[in-house]
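Visitor: Predicted model follows, preceded by the sequence.
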Amino acid sequence: MTTTNTYLAIFLGSKDSARAQAFFGLPEAERRKKEQEGMAGWKAWMDKYQSAVLEIGGPLGKTKKISAEGISDISNELGAFTLVRADSHDAAAKMFIDHPHFTIFPGDRVELMPVMPIPAG
């Protein structure tokens, strides 16, 4: 895979944020309606940018930290990822303005970074 003009979008959010607490505190029927609205928004976003999406990615599960000290369970704000292609970092960032991750769902933000080529060695 070529990494030229390829960007990794990480969807982040805190389960402890006021927005998350309000969202998950909704009555079940109201929360499910909001979830359906969010999925419809996500599908519309995917339709709009389908030619730029290289990897849909998906939700991320529980995290294991592996280090010199061993393996442990940890918690973080990582929620999902998507891989996109755009002409520039700014152009890729503009794709995520008003994304349902934080306009409908209780996500906090999307962080976007270029995927760099592996240095020749």
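Guide: Cool, got the structure.
Visitor: where exactly do the helices run in the protein?
Guide: 18-24, 28-49, 89-94, 100-103 (DSSP state H).
Visitor: quick one: average confidence on the second one?
Guide: To tie it back to what came earlier, the one meant is helix 28-49. If you average the pLDDT over helix 28-49, you get 96.
Visitor: Please apply the same query to the first one.
Guide: Averaged across helix 18-24, the pLDDT comes to 94.
Visitor: just to revisit the earlier point, turn the helices of the chain into TSV, including distance to Leu83 and mean neighbour count.
Guide: For every residue, glycine as well, the C-beta is placed using N, CA and C. Output for the helices of the chain, formatted as TSV (distance: least, C-beta to C-beta, whole Å; neighbours: other C-beta atoms under 10 Å):
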stretch	distance to Leu83	mean neighbour count
helix 18-24	25	13
helix 28-49	12	13
helix 89-94	10	14
helix 100-103	15	17
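Visitor: Let me have these in CSV, adding distance to Phe11 as columns.
Guide: Listed next are the helices of the chain as CSV, based on distance: least, C-beta to C-beta, whole Å:
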stretch, distance to Phe11
helix 18-24, 13
helix 28-49, 10
helix 89-94, 14
helix 100-103, 5
